[in-house]
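Trainee: I would like to see how this sequence folds:
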Amino acid sequence: MEKYEIVIGLEIHVELCTQSKLFCNCAYTFGASANDCTCPICLGMPGTLPVINQRALEFAVRAGLAMNCEITTYSKFDRKNYFYPDLPKNYQISQYDLPLCRNGVVTYLMDGETKTVALRRIHLEEDAGKSIHAEVTGDPTRSFMDFNRAGVPLMEIVSEPEIHSPEEAIAYCRAVKEILEYIEVSDCNMEEGSLRCEPNISLRPRGSKELGTRTEIKNKNSFQELLVAMEYEVKRQARILDSGGEVVQETLLFDTNTGKTVAMRGKEEADDYRYFPEPDLVHVQIDNEWIQEIQPTLPELPASRRTRFIEDYGISPANAEYLTATRQMADFFEEAAKLSGEPTICANWIMGDLSRLLNTAEIELIDSKVTPSHLSELITLINNNTISGKIAKSVLDDAFETGKMPKQIVEDKGLAQITDTSEIEAIVMQVVEENPGPAQDYRDGTKKAIGFLVGQVMKATRGKANPQLVNQILTQVLSAD
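Mentor: Residues are numbered from 1 along each chain as shown. Here you go, the predicted model:
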């Protein structure tokens, strides 16, 4: 690979979370019974006419503004002609020469370094249906078609070929996903196919300005699979070039069972699709007033928020990156930090125990019973020595399960720390008496032996004794002896 430079461009397809499809009133629900979310329009029946979904246009403009694009005030839809069973009309309504958005830029982090990728365009099109093959039907001679997804508004984000490693491509895709989630135009649920990535990959000799022959890998809806597929394809092309062969321009599928890319069809160019203006739709005119109405509704975007968290709250870049990965988490952290006045401690709890609980329960933060108020109150209880850090973990577990406030849980379960020095001293004396060996080891100079004795005191008090007081009293008792 030292001889070659990798060149990658990305096409990201995003299903928009509108209430109806792009050209009809059908609502789309993932997992609905096959062909339940259909009507004569999205099934392409003769005599039907499409009507553009204005909300889908608004979402595309929001995405364009968030990614620093020029919004095209005059655009149109086109027919992209190709023949495949999941395309009921035998053409797809898309956009060709006049897309809604042009010339954007996406900023992302890669190993702590800020990088940018230019966008060529963002355009709208209707999604295709879904083919159901032998692995589901059980019959290798038959396939079935589910047209529920046909007509769902799909936004395609096309980058320039400016990415030079599979790892960079993943970082860029993650940044795009974050932006789309922040501006709430898509749920970006990759498992359900709401966000799919198609990399175009080529190699060229290092120092060359001319692009090599590219191949395209279709429809990856997992970042891990996307990474593995790109890594394999880069090596495959390098082997071909090393042997004196020529890379064939084609569209590929990635077989997860073999870990290899396989040819699907020859790579089409624009002429192959015989684009022409969609005759059943009027051209789209977007005035500047509408754009100016949309612009203020955009939230603070992840890159900007990440920088502000570092500057305003004094947290590390790595923590800021984690906390701004989703808008919900960033909002949660910021509210908890303001309520408690302890941003660093809040960050540690969110990234540690709260994330552990969310992962175990397999739920999102927005669905959790723990709120910023819960976390703020928990931190206050620790700071005023009402509970220890160890007890706090169990309190958070309980709050996550029941939704009760930490203070109430502590009162109900009698978890408040023992801070009465005479009570702790009596327990310390008993522990020292019952463990003469470690006590003598400490007196003889093995200072770490005190850790065992502290553990025994905490066990005797069920973790409720103040650890600092326990250490202090133990040291006094053993030194006096």
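
Trainee: what does stretch 161-175 contact?
Mentor: 5-10, 12, 106-110, 115, 117-118, 159, 197, 199-200, 202, 211, 214, 223, 226-227, 230-231, 234, 302-303 (Cβ atoms under 8 Å, 6 or more residues apart in numbering). The C-beta positions use only the backbone N, C-alpha and C, and glycine is treated the same way.

Trainee: So which residues of the stretch 201-350 of the chain form helices?
Mentor: 223-242, 270-273, 288-294, 302-313, 317-323, 327-340, 343-349 (DSSP state H, counting those that start in this stretch).

Trainee: Quick one, which of those helices gets closest to P140.
Mentor: Set against P140 and scored by Cβ to Cβ, these come closest in helix 223-242, at 24.2 Å.

Trainee: Quick check: mean pLDDT of the longest strand seen in the chain?
Mentor: When the chain is parsed with DSSP state E, its longest strand is strand 113-126. Model confidence over strand 113-126, given as mean pLDDT, is 95.

Trainee: Identify the residues contacting the helix or strand that that strand is followed by?
Mentor: Next along the chain after strand 113-126, taking DSSP states H and E as the criterion, comes strand 130-132. For strand 130-132, the surrounding residues in contact (Cβ under 8 Å, 6+ apart) are 34, 85-86, 143-149.

Trainee: Write the ChimeraX selection for whichever of these are buried.
Mentor: Restricted to buried positions by 16 or more other Cβ atoms under 10 Å, the ChimeraX selection for these reads:
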select :86,145,146,147,148,149
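
Trainee: which ones among the contacts of strand 130-132 are found in strands?
Mentor: 144-146.

Trainee: Compile those into JSON lines and extend it with columns for pLDDT and distance to A449.
Mentor: Formatted as JSON lines, the ones in strands among the contacts of strand 130-132 follow (pLDDT from 0 to 100; distance: Cβ to Cβ, whole Å):
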{"residue": "F144", "pLDDT": "91", "distance to A449": "72"}
{"residue": "M145", "pLDDT": "92", "distance to A449": "73"}
{"residue": "D146", "pLDDT": "94", "distance to A449": "69"}
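
Trainee: Let me have these in a markdown table, extended by distance to E433.
Mentor: Below are the ones in strands among the contacts of strand 130-132 laid out as a markdown table (distance: Cβ to Cβ, whole Å):
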| residue | distance to E433 |
| --- | --- |
| F144 | 78 |
| M145 | 80 |
| D146 | 75 |
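
Trainee: Pick out the shakiest of the helices of the stretch 201-350 of the chain, pLDDT-wise.
Mentor: The stretch with the lowest mean pLDDT among those is helix 270-273, at a mean of 77.

Trainee: Could you list the buried residues of that one?
Mentor: In helix 270-273, residues buried by neighbour count (16+ other Cβ under 10 Å) are Y273.

Trainee: what about that helix, distance to the chain center?
Mentor: 34 Å (Cα atoms, centre = their mean, to the nearest Å).

Trainee: ditto for stretch 185-199
Mentor: From the chain centre to the centre of stretch 185-199 is a distance of 10 Å (Cα atoms, centre = their mean).

Trainee: Where does the prediction get shaky in the stretch 51-200 of the chain?
Mentor: Within the stretch 51-200 of the chain, the ranges that satisfy pLDDT under 70 run 134, 137.

Trainee: Which stretches in it count as strands?
Mentor: In the stretch 51-200 of the chain, the strands defined using DSSP state E, counting those that start in this stretch lie at 70-71, 74-75, 78-81, 91-94, 101-110, 113-126, 130-132, 144-146, 153-159, 195-205.

Trainee: Distance to Y313 added to the ones you listed, as CSV?
Mentor: Shown next, in CSV, are those (distance: least, Cβ to Cβ, whole Å):
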stretch, distance to Y313
strand 70-71, 34
strand 74-75, 42
strand 78-81, 48
strand 91-94, 44
strand 101-110, 18
strand 113-126, 19
strand 130-132, 45
strand 144-146, 48
strand 153-159, 31
strand 195-205, 30
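
Trainee: So which of these is nearest A320?
Mentor: strand 101-110 (9.8 Å).

Trainee: Can you list the buried residues in the closest one?
Mentor: 101-102, 104, 106-109.

Trainee: Put the alpha carbons of stretch 398-416 into PDB.
Mentor: C-alpha atoms of stretch 398-416 as PDB (Å, rounded to 0.1, in the frame of the first residue of the first chain):
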ATOM      1  CA  ASP A 398     -32.200   1.900  42.100                       C
ATOM      2  CA  ALA A 399     -33.100   5.300  40.600                       C
ATOM      3  CA  PHE A 400     -32.600   3.800  37.100                       C
ATOM      4  CA  GLU A 401     -35.000   1.000  37.900                       C
ATOM      5  CA  THR A 402     -37.700   2.900  39.800                       C
ATOM      6  CA  GLY A 403     -37.400   6.500  38.900                       C
ATOM      7  CA  LYS A 404     -37.200   7.600  42.500                       C
ATOM      8  CA  MET A 405     -35.100  10.500  43.500                       C
ATOM      9  CA  PRO A 406     -31.700   9.700  45.200                       C
ATOM     10  CA  LYS A 407     -32.600  11.500  48.400                       C
ATOM     11  CA  GLN A 408     -35.800   9.400  48.800                       C
ATOM     12  CA  ILE A 409     -33.900   6.200  48.100                       C
ATOM     13  CA  VAL A 410     -31.300   7.000  50.700                       C
ATOM     14  CA  GLU A 411     -34.000   7.800  53.300                       C
ATOM     15  CA  ASP A 412     -36.100   4.700  52.500                       C
ATOM     16  CA  LYS A 413     -33.200   2.300  52.700                       C
ATOM     17  CA  GLY A 414     -31.300   4.000  55.500                       C
ATOM     18  CA  LEU A 415     -28.200   4.400  53.400                       C
ATOM     19  CA  ALA A 416     -26.900   7.600  54.900                       C
END
